[in-house]
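Undergrad: I'd like to go over a predicted model; first the sequence, then the structure.
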Amino acid sequence: MTTITRQSEKTAPRLTGRLGVTGIVLIVVAAASPLGVIGGPVPLGIASGNGAGLPTIFLAATAILLLFAVGFTTMTPHVPDAGAFSSYIRRGLGRRAGTGAAFVALLSYLALEAGVYGLLGPAVGQVVTAYGGPDLPWWLWAAVALAAVTWLGHRNIELSGKVLGVLLLAEVLIVLVLDARVILAGGGPQGLSAGFAVPATVFSGAPGVALLFAILSFIGFEATAVFRDEARDPDRTIPRATYLALALIGLFYAVSTWALLSAWGDDAAVARALSNPGSMLADTAGAYLGPVGAHLVQVLLTTSLFACILAFHNIGSRYFFQLGASGVLPATLAGTHPVHRSPHRASLADNAVVAIFLAAALVTGWDPINEFYTWFAGFASLGIVVLMTLTSVAVVVFFRRRGAPWVNWRRSVAPTLGFLGLLGILALILSNLPALLGGSTLLCVVVLAVLVLALAAGWVIENARPATAPAATITNGEPS
């Protein structure tokens, strides 16, 4: 029988908390930024993807990620660390691959967190000027938000969870009210959309691009495992939170996309999304909820983006903490606040890197949306899908080494199907990477080089570390 000993459980510091299923789901769903997705990727998916068939694509994306989640959650009891993807990859593919994956994850979440500031700054500026306030630079509002995130990151995770819960409830509620209003009105001139049920419509246009936008809208759901140490009964809480978060996000996106299409009519929705995707949601709210509804959407979009940033900050700071606890990064990063029990030093490190990214955008004069957000989100999207693909492989390898038959649904079949689906999505992202990165071949080369170097760094660092460094040690001869 395999025996696992954990030096890190004895020597490495750990976070503590009492997060339940609801608290973790709130953090994860907030990271997905539901209102931001309905106002951003959904119109883009309608315009450049498969038009009125997009709701079905969201359901397909949910199915692929649920297949991934089967293996992910089945392996949870065997992964005592709170490093999410990197911990699963470490247990399945070895410590070198795990450490490299941790660097990819850290860079991806830092890039995404920083990039969303490029959306938040201009959005706050528009709200302020709309109500007669001063027209200030976007980076000033980003700096104010960074200060708020710094304060919240210094506190216990439960406070962030409460803040995210309030903001999330508000943004979800306004979209559900809009959905209900559209549905009760019977839709627009063409009635309720039926394109999602017509195969010819679902596979029209560019369904691959639509699937790409759909998958990108789920980024952050895997963070359920990042909060393992701060969860009550993690072996039960994490699987439940993962399935619930995926189901809620997928259903919300599919229904809300269908309602948005219905509000305009299939043909008119595609034309509207092509002409001005950025204001499609606000204009829909204005038509069905009146001026007050349009203003609420505009305001809640800013709080949605802030909630997204805070959620990704919590994830990134915990990657810093875990890398410090394992000795890969300076151990001081694994310090916990004596009162709040928060990873306050890791939180400061996260914010310091994000501040450097913001300063770089300011000095170089990057456009906050078309360059700063687009480039950083493109990098993060590729990095996260690479990690999910490697995690699927790690799950299959882990259970095969323990004698799981190929016909076992939870340990072999579902993870393999999830891997194949993610591999297809990864191919889509790579083929569309120039578009995600503003059409720059140089940026594509830089992004791919950074990801390869991050993975390679794990191998170099682990080869240089002593064999007694904190890590999983499997005594039956399997690699750790």
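TA: Yep, that arrived.

Undergrad: chain center to the helix or strand hosting residue 201: distance?
TA: Using DSSP states H and E, residue 201 maps to helix 199-202. Remark: helix 199-202 is offset 28 Å from the chain centroid, using Cα atoms, centre = their mean, to the nearest Å.

Undergrad: hmm, who's touching it?
TA: Contacts to helix 199-202, defined as Cβ atoms under 8 Å, 6 or more residues apart in numbering, come from residues 50, 51, 52, 53, 56, 57, 195, 196, 266. (Glycine included, C-beta is placed from N, CA and C.)

Undergrad: just give the nearest non-adjacent residue to the third one, would you?
TA: Just to be clear, that refers to residue 52. The shortest distance from residue 52 to any non-neighbouring residue, by Cβ to Cβ, 6 or more residues apart in numbering, is to residue 195 (2.7 Å).

Undergrad: burial measure for the one you found, as a count.
TA: 23 (other Cβ atoms under 10 Å).

Undergrad: do residue 93 as well
TA: 19.

Undergrad: ditto for residue 125
TA: 22.

Undergrad: now do it against residue 343, distance only.
TA: According to Cβ to Cβ, to the nearest Å, residue 125 stands 32 Å off from residue 343.

Undergrad: low pLDDT regions in the stretch 351-480 of the chain?
TA: 436, 438, 466-480 (pLDDT under 70).

Undergrad: could you pull out the helices in it for me?
TA: 374-401, 414-431, 433-436, 441-464 (DSSP state H, counting those that start in this stretch).

Undergrad: just the ones you listed: most buried one?
TA: helix 374-401 (a mean of 23; mean count of other Cβ atoms under 10 Å).

Undergrad: show me what that one is packed against.
TA: helix 54-74, helix 85-93, helix 95-130, helix 207-216, helix 414-431, helix 433-436, helix 441-464 (3 or more Cβ pairs under 8 Å, 6 or more residues apart in numbering; DSSP states H and E).

Undergrad: where's it relative to the chain centroid, distance-wise?
TA: On Cα atoms, centre = their mean, the centre of helix 374-401 falls 12 Å from that of its chain.

Undergrad: please renumber the chain so that the first residue is 5 from this point on.
TA: In the new count, where the first residue is 5, that last one comes out as helix 378-405.

Undergrad: so it versus helix 211-220, what angle?
TA: 80 degrees (axes from the mean of the first three to the mean of the last three Cα atoms, to 10 degrees).

Undergrad: tilt between helix 378-405 and helix 99-134?
TA: 150 degrees.

Undergrad: tell me the angle helix 378-405 makes with helix 58-78.
TA: 50 degrees.

Undergrad: so helix 378-405 versus helix 89-97, what angle?
TA: 30 degrees.

Undergrad: check contacts around the closest residue to residue 429 other than its chain neighbours.
TA: The shortest distance from residue 429 to any residue other than its chain neighbours is 5.3 Å, reached at residue 219 (Cβ to Cβ, 6+ apart). Listed by Cβ under 8 Å, 6+ apart, the contact set of residue 219 reads 65, 68, 69, 389, 429.

Undergrad: now with 7 Å?
TA: 65, 389, 429 (Cβ atoms under 7 Å, 6 or more residues apart in numbering).

Undergrad: separation between it and residue 436?
TA: 12 Å.

Undergrad: any stretches of the stretch 5-154 of the chain with poor pLDDT?
TA: 5-28, 30-32, 34-35, 85-87.

Undergrad: what's the closest of the contacts of helix 203-206 to residue 331?
TA: residue 61 (43.2 Å; Cβ to Cβ).

Undergrad: could you give the number of residues near that closest one?
TA: Residue 61, neighbours per other Cβ under 10 Å, totals 27.

Undergrad: contact partners for residue 361?
TA: Per Cβ under 7 Å, 6+ apart, neighbours of residue 361: residue 118.

Undergrad: separation between it and residue 152?
TA: 17 Å.

Undergrad: and residue 404, by the same measure?
TA: Using Cβ to Cβ, which is the criterion applied here, residue 404 is 47 Å from residue 152.

Undergrad: circling back: the helix holding residue 205 - what's its average pLDDT?
TA: Looking at helix 203-206 alone, the average pLDDT works out to 92.

Undergrad: OK, contacts around residue 323?
TA: 87, 106, 109, 110, 113.

Undergrad: okay if I get these as JSON lines plus neighbour count and distance to residue 331?
TA: Below are the contacts of residue 323 laid out as JSON lines (neighbours: other Cβ atoms under 10 Å; distance: Cβ to Cβ, whole Å):
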{"residue": "87", "neighbour count": "26", "distance to residue 331": "13"}
{"residue": "106", "neighbour count": "28", "distance to residue 331": "12"}
{"residue": "109", "neighbour count": "28", "distance to residue 331": "17"}
{"residue": "110", "neighbour count": "25", "distance to residue 331": "15"}
{"residue": "113", "neighbour count": "30", "distance to residue 331": "21"}
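
Undergrad: just give me the closest of the residues you listed to residue 213.
TA: residue 113 (24.4 Å).

Undergrad: look up how far residue 254 lies from that closest one.
TA: With Cβ to Cβ as the criterion, residue 113 and residue 254 are 22 Å apart.

Undergrad: check residue 137 too.
TA: In terms of Cβ to Cβ, residue 137 sits 38 Å off from residue 254.

Undergrad: look at those two and report which has more neighbours.
TA: residue 254 (22 against 11).

Undergrad: how about the secondary structure of the more buried one?
TA: Of the three states, residue 254 takes helix under DSSP: H, G, I helix; E, B strand; the rest coil.

Undergrad: need the longest helix for the chain.
TA: If you go by DSSP state H, the chain has its longest helix at helix 284-329.

Undergrad: mean confidence (pLDDT) on that helix, please.
TA: 86.

Undergrad: now it against helix 445-468, angle please.
TA: Computed with the same axes, to 10 degrees, the direction of helix 284-329 lies at 20 degrees from that of helix 445-468.

Undergrad: that older thread, now the helices and strands packed on helix 378-405 in a markdown table, with distance to residue 394?
TA: What follows is those, written out as a markdown table (distance: least, Cβ to Cβ, whole Å):
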| stretch | distance to residue 394 |
| --- | --- |
| helix 58-78 | 12 |
| helix 89-97 | 5 |
| helix 99-134 | 6 |
| helix 211-220 | 16 |
| helix 418-435 | 9 |
| helix 437-440 | 18 |
| helix 445-468 | 9 |
